[in-house]
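>>> Take this sequence and fold it.
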Amino acid sequence: MPPPTQFSGALAPKKKIELQAIASALNLEAGGTKEELQGRIRKYLDNNQSELEDDPTFAGLFGRRKRSQPPPSRVESRALKTLRESTPIADVSAYLEQNALTPSSLPPLPDSPIAHGDRSIIDQLALSRTDVSNVVQRLKTSEENILRSANSGIIVFRETLSSSRNIWTLTAVLELIYILYMIIPWNVYFLKFGGTTASIPYPPLDTIYRPSFTRTLIHWFIPALLLPALAGSLISFSPALPTATLSRVPFDPLTASIIRLALQFAYDPSTMNSAARDVIGLRIRALNSAIGVAFAFAEAIKGAPAVWQRESPVFMTEETSDIE
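Predicted structure coming up:
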């Protein structure tokens with residue numbers, strides 16, 4: 001025969017099926033919602049606490065609630081009464097007067113350091129208004145320096161990316177890195193230190209002697225860098241560029257970007273040589289070239305009005321006076 005079930009814990013977190021089991025054990029109605037079951041069981045426990053608190057089946061449901069102490073029995077009442085009558089009030093009063101605590105009977109307190117003028121702790125902890133102002137000023141200054149440095153870095157980074165020549169170079173470098181990653185047969189060296197193993201990739205020594213490696217780079221270099229750079233040095237349609245001199249020939253990124261975009265469709269590296277590979281693909285090559293054309297064209301439009309005003313000051317003055 002299985003041992004009887006013992007219920008314990010609060011009623012609130014219990015599930016409805018558990019509350020129904022408790023209600024059935026208490027011979028209560030097990031129907032209704034969870035809240036109705038809780039109220040019905042709690043009311044029954046409160047009304048029958050004295051009987052159920054000693055029952056091991058339901059004792060755990062009372063938790064920390066203690067049954068009120070029963071009144072003292074007749075024997076205990078008589079013993080207390082006898083004790084009061086046998087102890088005279090005068091003796092108790094005399095004992096309290098003899099052993100009463102007075103200020104003179106208490107042990108002396110230790111000397112206060114402040115009473116002797118020792119205020120070193122207070123002086124170290126206290127901050128004057130001047131010190132607080134200095135701290136706040138230093139915090140503001142350091143915050144301004146950090147913001148100024150961050151703004152300077154953002155301005156430099158923005159100026160770098162606002163140059164069409166830098167955009168043209170950046171897209172070419174990204175293409176080169178991707179090509180090297182794809183065509184190099186990387187080897188892996190496993191370096192062990194402690195309980196950790198790190199894998200370090202490295203290219204084989206004979207990589208540059210492989211025909212597919214050198215020919216792929218050459219046939220990418222010709223349409224992506226060589227021919228566009230040559231065209232950008234010989235042809236210029238951008239009015240914002242400085243005038244060419246015998247000592248310096250300016251590079252036109254707009255012309256170079258246009259030629260680079262045209263060569264992506266006219267020069268297919270995979271058809272020039274059987275060992276060459278088109279690692280990037282026409283779509284990515286054309287997209288990078290179009291980005292360079294867009295930035296170079298925007299830069300040329302931006303500088304054109306200033307060049308036009310500088311080269312035709314009389315026309316600009318007459319047009320301005322007519323508008324006024």
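
>>> And the strands in this protein?
Along the chain, the segments classed as strands by DSSP state E run 187-193, 196-202.

>>> Outside of the first one itself, list whatever touches it.
Spelled out, that is strand 187-193. 197-204 (CB atoms under 8 Å, 6 or more residues apart in numbering). C-beta coordinates here come from the backbone N, C-alpha and C atoms, glycine included.

>>> Try it again at 6 Å.
197-202, 204 (CB atoms under 6 Å, 6 or more residues apart in numbering).

>>> cool, the last one as well?
Counting by CB under 6 Å, 6+ apart, the neighbours of strand 196-202 from elsewhere in the structure are 186-191.

>>> What strands flank it, and is each parallel or antiparallel?
Using DSSP bridges, strand 196-202 pairs in its sheet with strand 187-193 (antiparallel).

>>> just the CA coordinates of the partner strand, formatted as PDB?
C-alpha atoms of strand 187-193 as PDB (Å, rounded to 0.1, in the frame of the first residue of the first chain):
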ATOM      1  CA  ASN A 187      49.200  25.900 -47.000                       C
ATOM      2  CA  VAL A 188      48.400  25.800 -43.300                       C
ATOM      3  CA  TYR A 189      50.900  25.700 -40.500                       C
ATOM      4  CA  PHE A 190      49.500  24.600 -37.100                       C
ATOM      5  CA  LEU A 191      51.100  26.400 -34.200                       C
ATOM      6  CA  LYS A 192      50.600  24.900 -30.700                       C
ATOM      7  CA  PHE A 193      51.000  26.800 -27.600                       C
END
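
>>> mind listing what's buried in that strand?
Within strand 187-193, no residue is scored as buried using 16 or more other CB atoms under 10 Å.

>>> what do you get for stretch 160-179?
By 16+ other CB under 10 Å, the buried positions in stretch 160-179 come out as 164-165, 167-168, 170-172, 175-176, 179.

>>> Between those, which sits nearest Ser50?
Looking at the buried residues of stretch 160-179 and their distance to Ser50, the nearest is Leu170, at 87.4 Å (CB to CB).

>>> OK, contacts around the closest residue in space to Leu282 that isn't next to it in sequence?
If the residues on either side of it in the chain are set aside, Leu282 comes closest to Gln264, at 6.6 Å by CB to CB, 6 or more residues apart in numbering. For Gln264, the contacting residues are 285-286, 289, by CB under 6 Å, 6+ apart.

>>> before we move on, what about Ala30?
Ala30 is in contact with 20, 23-24, counting by CB under 6 Å, 6+ apart.

>>> and stretch 230-246, average pLDDT?
Taken as a whole, stretch 230-246 has a mean pLDDT of 71.

>>> same check, this time on stretch 277-284
Stretch 277-284 carries an average pLDDT of 86.

>>> got the contacts of Ala30 as a markdown table, with distance to Thr160 and pLDDT columns?
Formatted as a markdown table, those follow (distance: CB to CB, whole Å; pLDDT from 0 to 100):
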| residue | distance to Thr160 | pLDDT |
| --- | --- | --- |
| Gln20 | 74 | 87 |
| Ala23 | 78 | 84 |
| Ser24 | 80 | 86 |
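
>>> ok, of the residues you listed, which one's closest to Ala231?
Distance to Ala231 across those (CB to CB) is lowest for Gln20, with 88.9 Å.

>>> which non-adjacent residue is nearest that closest one?
Counting by CB to CB, 6+ apart, Gln20 lies nearest to Ala30, which is 4.3 Å off, once chain neighbours are set aside.

>>> Identify all contacting residues around stretch 171-180.
Applying CB under 6 Å, 6+ apart, the set of residues contacting stretch 171-180 is 224-225, 279-280, 288, 292.

>>> try it again with 7 Å
Residues from elsewhere that reach stretch 171-180 (CB atoms under 7 Å, 6 or more residues apart in numbering): 216-217, 220, 224-225, 279-280, 288, 291-292.

>>> From those, which land in helices?
216-217, 220, 288, 291-292 (DSSP state H).

>>> So in the protein, which helix runs the longest?
Longest helix of the chain, by residue count under DSSP H: helix 129-161.
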